[in-house]
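> Make a model of this:
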Amino acid sequence: MEDPIYEEASVVAARDGSVKVDGPDGVDVRLSPEAALETSERLLEGAADAQGQRAASERARRRLITEREPDA
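Got it, this is the predicted structure:
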């Protein structure tokens, strides 16, 4: 069984020199500013990769549909 995919974004706030993250499924962590910056870079890179994968999948799907259409 695959892990669920959440549509709602996490809530992030700076508190007492740390970064608090409240997210779906009970995520509740505090990070140092340095760890938060590194995490944000990793999230941004992962999100860009995932969007690219979705776009490639959609192009392939459209190509298959176009190839299956009868000639007019």
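
> so which helix or strand takes in the residue nearest the centre of the chain?
The chain has residue 47 as the residue nearest its centroid, 4.2 Å off, counting by Cα atoms, centre = their mean. Element membership for residue 47, per DSSP states H and E: helix 33-68.

> low-scoring stretches of the protein, by residue?
71-72 (pLDDT under 70).

> rewinding a little: ok, and for the helix holding residue 47, which residues are buried?
Of all the residues in helix 33-68, those buried under the rule 16 or more other Cβ atoms under 10 Å are residue 36. Yep, even glycine has a C-beta here, placed from its N, CA and C like the rest.

> Give me the distance from it to the chain's centre.
Relative to the chain's own centre, helix 33-68 is displaced by 8 Å; criterion: Cα atoms, centre = their mean, to the nearest Å.

> and that helix, what other elements does it pack with?
Taking 3 or more Cβ pairs under 8 Å, 6 or more residues apart in numbering; DSSP states H and E as contact, the helices and strands that helix 33-68 lies on are strand 18-22.

> how close does the residue nearest to the centre of the chain sit to residue 7?
Going from residue 47 to residue 7 by Cβ to Cβ, to the nearest Å gives 13 Å.

> again with residue 20
Distance, residue 20 to residue 7, by Cβ to Cβ: 21 Å.

> These two: which has the busier surroundings?
Just comparing residue 20 and residue 7: by other Cβ atoms under 10 Å the higher neighbour count belongs to residue 20, 16 against 6.

> surely that one meets residue 10?
No. Assessed by Cβ atoms under 8 Å, residue 20 is found out of contact with residue 10, at 9.9 Å.

> tell me the secondary structure for residue 2?
Under DSSP: H, G, I helix; E, B strand; the rest coil, residue 2 falls in the coil class.

> Please report phi then psi for it.
Here is the backbone geometry of residue 2 (degrees, to the nearest 10): phi -80, psi 160.
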